[in-house]
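Colleague: next come a sequence and a model predicted from it.
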Amino acid sequence: MKNYDIARILHEIAIYEGMKGEKFKPRAYEKAALYIGSLNDDLGTIYKNGGVKALMELPGIGRNIAEKLVELIQTGELAYYEELKKEIPVDITILSSIEGMGPKKVKVLYEKLGITNIEELEKSIREKRVRDLQGFGEKSEKKILNGIEFFKKSHGGRFILGLVLNTFEDILHQLKSLDTVKNVQLAGSARRMKQSIGDADFLAASYKPDKVMDFFTSMPEVAHIHTKGTTKSTVRLKSGINCDLRIVPEESFGAALQYFTGSKQHNVVLRTMALHKGYKLNEYGLYDKRNRQIAGRTEESIYLKLGLPLIPPELREDKGEIEAARDGRLPKLVGYDDLKGDLQIHTDWTDGNNAIIEMAQAAKKAGLEYIAITDHSRTLEIARGLNKEKLKEQEKEIKKVNDTMKHNEGITILSGVEVNILKDGSLDLDNNILKEFDIVGAAVHSYFSLSKEEQTKRLVSAMYNTNIDILFHPTCRVIQKRQPLDVDFDKILDVSKETNTILEVDSSPERLDLQDEYIQHAVENKCKLIIDSDAHDKSHFHFLKFGISQARRGWAEKKDVINTLPLEKFLKSLK
DNA sequence: GCCGTTTTCGGCCCGACTGTTTTCAGTCG
């Protein structure tokens, strides 16, 4: 049983406990579910190695939940959960994920109308049977119906940040231009630069919130107004994304920004810290015993009064950053302006849209000093992969462009290739060809579901090749589409270090591969990283921002990312 | 059900909005 399945069961138990009216059990189960869902190491393995004791050492897991975990790991089932399900046999995850539906409403609907799933719920509403229930009315029927429609369209939808961020920047821009708005910023998971987000949280400072709310709810991109108040409104955009706008007075802006940036877990810890110091922390500020605001205008002031330095948003996940901040151990994260090179770029020689020179000019504009052209090798037919004759020809072209660019525009173009790793770990270009390139990246593009042993052996074998400098998009995951390769990642890290093979952070918004958690493991193991755009178009260099943010979320420092080095030093650090 | 710089017992983050109420429960973040 995978962590994911265990997390789902704990999540469902949390909802069941909520139905029973339990106040704190839901939170305990939910916390455990969240932790296990985000855990990289296999829970079964942890149990095998350390027994029940090891499970109980995990945060949020005590004797009771640990014993349930053991039952799940050993038998794949949990009697307690089965009992709950028998008592109220409903499609609980889906029903409670509908906007406006929580444990209590799901329970009433089952007990009074026998509703167990989304179809039955929709039918009952259409028959106007829900409005007569205690606590429901015509408006709640409409609201739930709306939620069902949204659910069907977005199937529980999260949006890939890199594909929607510019929409938010537009809205931000519009809000900024209002003279009733003093300050405005994007908060929430978008500010923490999570790979995907459920909604967008805007925060503004204003003394005329009514006017700002009127504007916000009547923007042309708004499809539906969920709620509208003087400090908080929620709308759904035509693209299906929900957006919140919160408005606070200027002296509370920092506190509100801190609070609405989250994460929830990070905030719970901060609030508890405040309590221990005799303070109260809410979105309006940090208050002492006499209810006087002692911080809140800036985010930094809040952290400072709690005895902490400002923690970068990308780290705020309650994954050790608060302890690190307290002990002065916060990493000096790689910065958004630190990259000097980009070592995975495609051109119209294969599946890219632009010529070599166009890509070089765009890279220069993006502030880079060197790039590598790395088109696909021959077996990748879908991308019109290059054979050795074509590659020779391209190399000549690169030299030609490079000679003019280097002197006239101050950017160096390296010759490279994205060589395909075949099923058995061999490469589709000979070593005597590979050794001619300035830089070689190897990547998997097929056979994604080999056994863990085979897949690990395949990657390791490529990394032992002395011509391979970089492992491109190492896990091959595509967000919401393809799971990461099943590999022994610890082994990959060991071999990366042993062979000096660099691990790539591919910045393409749908890839972000390596992803944050894997990056953190790589950093802990002192492996070298590189952040590339994987640009297929001259407009793609802004992808780098998303790769950098992923690296920051993985606690990577400048020294861990070798394309922050100037060209000469960078070249010397290769195999 | 979890947890410990007040605590092995008794706390557990806290405020906004909505809809159905007639002062509040449920939901959300």
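Modeller: Nice, thanks for sending it over. The shown structure was predicted, so the numbers you read here are calculated from the model rather than taken from an experiment.
Colleague: per-residue pLDDT, the residue of chain A found nearest DNA strand B?
Modeller: Closest to DNA strand B within chain A is A:Gly137: 1.9 Å, counting by C-beta to the nearest atom of the strand. In short, each C-beta sits where N, CA and C put it, glycine included. On pLDDT, A:Gly137 comes in at 88.
Colleague: helix, strand, or coil at the spatially closest residue to A:Val478 that is not a sequence neighbour?
Modeller: Distances taken as C-beta to C-beta, 6 or more residues apart in numbering put A:Glu510 closest to A:Val478, at 5.5 Å, once the chain neighbours are dropped. Three-state call for A:Glu510 (DSSP: H, G, I helix; E, B strand; the rest coil): coil.
Colleague: pull out the buried positions in the lengthiest helix in chain A.
Modeller: Secondary structure of chain A per DSSP state H: the longest helix is helix A:388-408. In terms of neighbour count (16 or more other C-beta atoms under 10 Å), helix A:388-408 has its buried residues at A:Lys390, A:Leu391, A:Gln394, A:Glu395, A:Glu397, A:Ile398, A:Val401, A:Asn402, A:Met405.
Colleague: stretch A:264-272 now?
Modeller: A:Gln265, A:His266, A:Asn267, A:Val269, A:Leu270, A:Arg271.
Colleague: kindly report the same for stretch A:441-452.
Modeller: So for stretch A:441-452, counting by 16+ other C-beta under 10 Å, buried means A:Gly441, A:Ala442, A:Ala443, A:Val444, A:His445, A:Phe448, A:Leu450.
Colleague: go on, stretch A:112-120?
Modeller: A:Leu113, A:Ile115, A:Thr116, A:Ile118, A:Glu120.
Colleague: do the same with stretch A:239-256
Modeller: Going by 16+ other C-beta under 10 Å, stretch A:239-256 has these buried residues: A:241-249, A:252-256.
Colleague: before we move on, the earlier item: same for DNA strand B: which of the buried residues of stretch A:264-272 are within range?
Modeller: Counting by C-beta under 7 Å from any atom of the strand, the subset of these that neighbours DNA strand B consists of A:Asn267, A:Arg271.
Colleague: sorry, back to before: export the buried residues of helix A:388-408 to JSON lines and append columns for distance to A:Glu300.
Modeller: JSON lines is the format used below for those (distance: C-beta to C-beta, whole Å):
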{"residue": "A:Lys390", "distance to A:Glu300": "55"}
{"residue": "A:Leu391", "distance to A:Glu300": "52"}
{"residue": "A:Gln394", "distance to A:Glu300": "50"}
{"residue": "A:Glu395", "distance to A:Glu300": "51"}
{"residue": "A:Glu397", "distance to A:Glu300": "51"}
{"residue": "A:Ile398", "distance to A:Glu300": "47"}
{"residue": "A:Val401", "distance to A:Glu300": "46"}
{"residue": "A:Asn402", "distance to A:Glu300": "45"}
{"residue": "A:Met405", "distance to A:Glu300": "42"}
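Colleague: related to what we said a few turns ago, list the contacts for the residue nearest to A:Val478?
Modeller: Contacts for A:Glu510 (C-beta atoms under 8 Å, 6 or more residues apart in numbering) come out as A:Ile160, A:Gly162, A:Leu163, A:Val478, A:Ile479, A:Gln480, A:Lys481.
Colleague: which of these fall in helices?
Modeller: A:Gly162, A:Leu163.
Colleague: so how far is A:Thr475 from the residue nearest to A:Val478?
Modeller: 13 Å (C-beta to C-beta, to the nearest Å).
Colleague: do the same with A:Ile94
Modeller: In terms of C-beta to C-beta, A:Ile94 sits 29 Å off from A:Thr475.
Colleague: can you check A:Ile548 too?
Modeller: In terms of C-beta to C-beta, A:Ile548 sits 18 Å off from A:Thr475.
Colleague: what helix or strand is A:Asp337 located in?
Modeller: Using DSSP states H and E, A:Asp337 maps to neither a helix nor a strand.
Colleague: what's the pLDDT at it?
Modeller: 97.
Colleague: how about it, nearest residue that isn't a chain neighbour?
Modeller: Leaving aside its chain neighbours, A:Asp337 sits nearest to A:Gly367 (7.1 Å; criterion: C-beta to C-beta, 6+ apart).
Colleague: give me the secondary structure label for the one you found.
Modeller: Assigned by three-state DSSP, the conformation of A:Gly367 is coil.
Colleague: could you do A:Ile371 as well?
Modeller: Assignment for A:Ile371 (three-state DSSP): strand.
Colleague: that one: how many residues sit nearby?
Modeller: Residues near A:Ile371, counting by other C-beta atoms under 10 Å, number 29.
Colleague: what residue of chain A is the furthest out?
Modeller: A:Asp132 (42.4 Å; C-alpha atoms, centre = their mean).
Colleague: looking at this, it is in a helix?
Modeller: No: A:Asp132: not assigned to a helix; according to three-state DSSP it is coil.
Colleague: now for the contacts of A:Glu510: which two are most distant?
Modeller: Taking C-beta to C-beta, the two most distant members of the contacts of A:Glu510 are A:Gly162 and A:Lys481; they sit 14.1 Å apart.
Colleague: neighbour count: the two, which is higher?
Modeller: A:Gly162 (23 against 8).
Colleague: the residue nearest to A:Asp337: neighbour count?
Modeller: 11.
Colleague: please verify my assumption that it contacts A:Tyr336.
Modeller: No: the pair A:Gly367 / A:Tyr336 is not scored as a contact, 10.2 Å apart, by C-beta atoms under 8 Å.
Colleague: surely A:Tyr284 touches A:Ala256?
Modeller: Yes: using C-beta under 8 Å, A:Tyr284 is in contact with A:Ala256, at 7.2 Å.
Colleague: can you pull the residues that touch both of these two?
Modeller: Counting by C-beta under 8 Å, 6+ apart, the residues touching both A:Tyr284 and A:Ala256 are A:Val248.
Colleague: can you show me the strands along the stretch 451-575 of chain A?
Modeller: Secondary structure of the stretch 451-575 of chain A by DSSP state E, counting those that start in this stretch: the strands cover A:470-471, A:502-506, A:529-532.
Colleague: what average pLDDT does the longest one get?
Modeller: Spelled out, it's strand A:502-506. Strand A:502-506 comes out at a mean pLDDT of 97.
Colleague: compare the contacts of A:Glu510 and tell me which is most surrounded.
Modeller: Most surrounded of these: other C-beta under 10 Å gives A:Gly162, at 23 neighbours.
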